[in-house]
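> Sequence first, then the predicted structure, then my questions.
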Amino acid sequence: MTTSFTTAFDIRTLEKQGRRQEATIAAARLLSEETGTAFSDVQINDDRYSLNSVNGTAVDAAGQRLFFKFHTEEGEAETVGEYYKAHVLAEAGLPVDLPLKASSTPGRQFELYAFRQDAKLADVCLGLEQVSGPPSLTPFTPGDIIAAQAELDDVTLQAALASLAPPTPESEGEALHQLFHHRLATPGEPGLGGRYAQFYRGRQVPIAGTGTELAWEQLADLKWTVNGVSYSRTLRELFERSYRLLDPRVLARLPVIVAHGDAHNANVWARRDDAGKLRLVLFDPAFAGRTIPVLLGEVKATFHNILAHPLWLYTPDLADKAYRVSAELKGNCIIVTHDWAPSDLRQQFLALKRDRYWGPLLARLKDTRALPDDWEDTIRSALFCCPTLVMTQLPGPTRSPAISLLGLAVSVMCGSEPDGDGADVVSEFFRRVR
């Protein structure tokens with residue numbers, strides 16, 4: 001890291017390396033340089049959900065404590081245009097926390113907000129789902145949360161339908177592609193690369209409970225049977241299909257909408273209004289835009305708020321204690337059995353997202369002959385990329401072989417339709433949507 005031009009990626013790297021003091025100094029320097037005012041007393045939050053970002057608080061020259069959030073991606077200074085378009089969401093009628101200051105300097109993009117005591121919806125939900133020990137204290141009930149989520153889904157649908165517009169080449173330049181295809185590709189090189197190559201290619205993978213270790217290239221070619229349901233596509237096929245279908249040039253054939261694009265619950269404040277009603281307010285619109293391909297607008301929210309929970313993606317250490325996972329290798333198939341399932345809260349979230357967003361939106365596209373034949377494959381590909389590209393699903397310092405196997409099994413469930421009459425929570429979602 002150089003001191004002459006500190007990037008958000010530098011700060012995230014220092015934080016991941018445990019060099020927090022250096023990270024806070026770098027954050028203060030970046031904030032000060034981009035805003036033209038001195039910042040001090042930087043405190044970086046220990047946030048399990050900030051997998052590709054850094055957030056915290058800092059005090060400006062006037063003595064005001066502010067909340068900041070940097071989002072960063074590999075190579076973003078060369079590949080990404082403007083982040084942070086909160087005004088676009090506000091103009092569309094979406095509830096969004098407007099920043100006091102936003103930086104659009106490539107590699108140094110962030111937003112500064114007034115400091116608030118509001119809880120992130122992700123933390124509220126985790127507190128309600130605590131599977132060991134007493135539940136965390138929260139002022140919100142499941143009923144409060146479901147009612148507020150229903151209202152947010154309704155408003156999100158209204159904004160999507162009101163902004164629905166014909167396909168445009170402008171959609172190829174949306175920052176949202178950074179979360180999908182750009183993570184599958186290496187600039188200037190053909191075929192799969194990027195995080196796929198970084199996370200998986202050439203790795204050895206211990207298969208939980210079998211005493212066997214496979215090369216990734218072997219595992220990628222196995223067919224999966226999970227809890228008795230057989231799947232038609234291998235991991236290799238799912239990555240290759242995702243690379244093809246999520247190419248921005250391919251997605252440019254789709255109608256476009258205004259969307260936040262990354263409305264996972266760690267980017268949602270849970271806030272009481274003056275009447276005491278729980279309201280959900282979006283923030284950190286790093287990937288918001290006016291020309292988001294219509295099938296991608298709520299994919300991140302659908303996966304990360306529902307199918308990533310409880311526990312297995314963000315808190316694999318807790319998942320290790322909560323779930324039993326076993327595997328058997330038989331011929332060209334891996335047979336996995338586990339006892340994970342979405343909680344009641346997440347099942348209700350899925351029903352809301354199905355009935356109040358995806359169902360009506362896809363119906364409108366079908367009625368206007370704007371729904372492509374491969375719409376389900378496209379959505380499934382994006383769902384599959386959510387866990388597999390946000391972090392490696394292979395075993396490592398924080399992820400045991402058992403939870404690695406669970407993560408890959410859930411990823412396959414998201415990406416691949418079952419063989420024959422097999423059914424799971426994702427195939428049932430698509431069946432009900434159809």
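It's in. Numbering: from 1, shown residues only.
> tell me the mean pLDDT for stretch 354-361?
Stretch 354-361 shows a mean pLDDT of 98.
> Now do the end-to-end distance for that stretch.
Separation of the first and last residues of stretch 354-361 by C-alpha to C-alpha, to the nearest Å is 10 Å.
> buried residues in that stretch?
R354, R356, Y357, W358, P360, L361 (16 or more other C-beta atoms under 10 Å). In this view, the C-beta of every residue, glycine as well, is placed from N, C-alpha and C.
> Output the lowest mean pLDDT helix or strand found in this structure.
helix 76-79 (a mean of 47; mean pLDDT, DSSP states H and E).
> Any stretches of the chain with poor pLDDT?
Applying pLDDT under 70 to the chain picks out residues 1-5, 50-51, 73-84, 130-138.
> which residue sits farthest out from the middle of it?
Using C-alpha atoms, centre = their mean, the residue of the chain lying farthest from its centre is A62. It sits 35.2 Å away.
> what residues are up against that one?
Contact analysis of A62 by C-beta atoms under 8 Å, 6 or more residues apart in numbering lists T37.
> can you check L157 too?
If you count contacts by C-beta under 8 Å, 6+ apart, then L157 has R356, Y357, P360, L361 around it.
> One more pass at 10 Å, please.
In this structure, L157 makes contact with E298, K353, R356, Y357, W358, G359, P360, L361, R364, judged by C-beta atoms under 10 Å, 6 or more residues apart in numbering.
> Closest to G191 out of the buried residues of stretch 354-361?
W358 (31.2 Å; C-beta to C-beta).
> Test my guess that the closest one contacts I306.
No. With contact defined as C-beta atoms under 10 Å, W358 does not count as touching I306 (11.7 Å).
> shared neighbours of these two, anything?
Common neighbours of W358 and I306, counting by C-beta under 10 Å, 6+ apart, are L350, L352, F429.
> For L383, see how far away the first one is.
Relative to L383, L350 is positioned 12 Å away (criterion: C-beta to C-beta, to the nearest Å).
> Repeat that for the second one.
When distance is defined by C-beta to C-beta, L352 is 17 Å away from L383.
> The closest residue to A150 other than its chain neighbours: what's it in contact with?
Distances taken as C-beta to C-beta, 6 or more residues apart in numbering put L352 closest to A150, at 5.4 Å, once the chain neighbours are dropped. Neighbouring residues of L352 by C-beta under 10 Å, 6+ apart: I146, Q149, A150, E151, L152, D153, D154, I306, W358.
> if we go to 6 Å?
Contact analysis of L352 by C-beta atoms under 6 Å, 6 or more residues apart in numbering lists Q149, A150, D153.
> can you give me the strands in the stretch 151-300 of the chain?
In the stretch 151-300 of the chain, the segments counted as strands under DSSP state E, counting those that start in this stretch are 204-207, 212-215, 223-226, 229-230, 256-259, 268-272, 278-282, 289-293.
> now these as JSON lines including mean neighbour count?
Listed next are the strands of the stretch 151-300 of the chain as JSON lines, based on neighbours: other C-beta atoms under 10 Å:
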{"stretch": "strand 204-207", "mean neighbour count": "18"}
{"stretch": "strand 212-215", "mean neighbour count": "14"}
{"stretch": "strand 223-226", "mean neighbour count": "22"}
{"stretch": "strand 229-230", "mean neighbour count": "18"}
{"stretch": "strand 256-259", "mean neighbour count": "27"}
{"stretch": "strand 268-272", "mean neighbour count": "20"}
{"stretch": "strand 278-282", "mean neighbour count": "19"}
{"stretch": "strand 289-293", "mean neighbour count": "25"}
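> and of those, who's closest to P187?
So among those, strand 289-293 is nearest, using C-beta to C-beta, at 20.6 Å.
> strands paired with the closest one, and their directions?
strand 256-259 (antiparallel) (DSSP bridges).
> how about the nearest residue to the spatially most central residue of the chain, chain neighbours excluded?
With distances taken as C-alpha atoms, centre = their mean, the residue of the chain nearest its centroid is K300 (4.5 Å). Closest residue in space to K300, ignoring its immediate chain neighbours: D262 at 5.0 Å, by C-beta to C-beta, 6+ apart.
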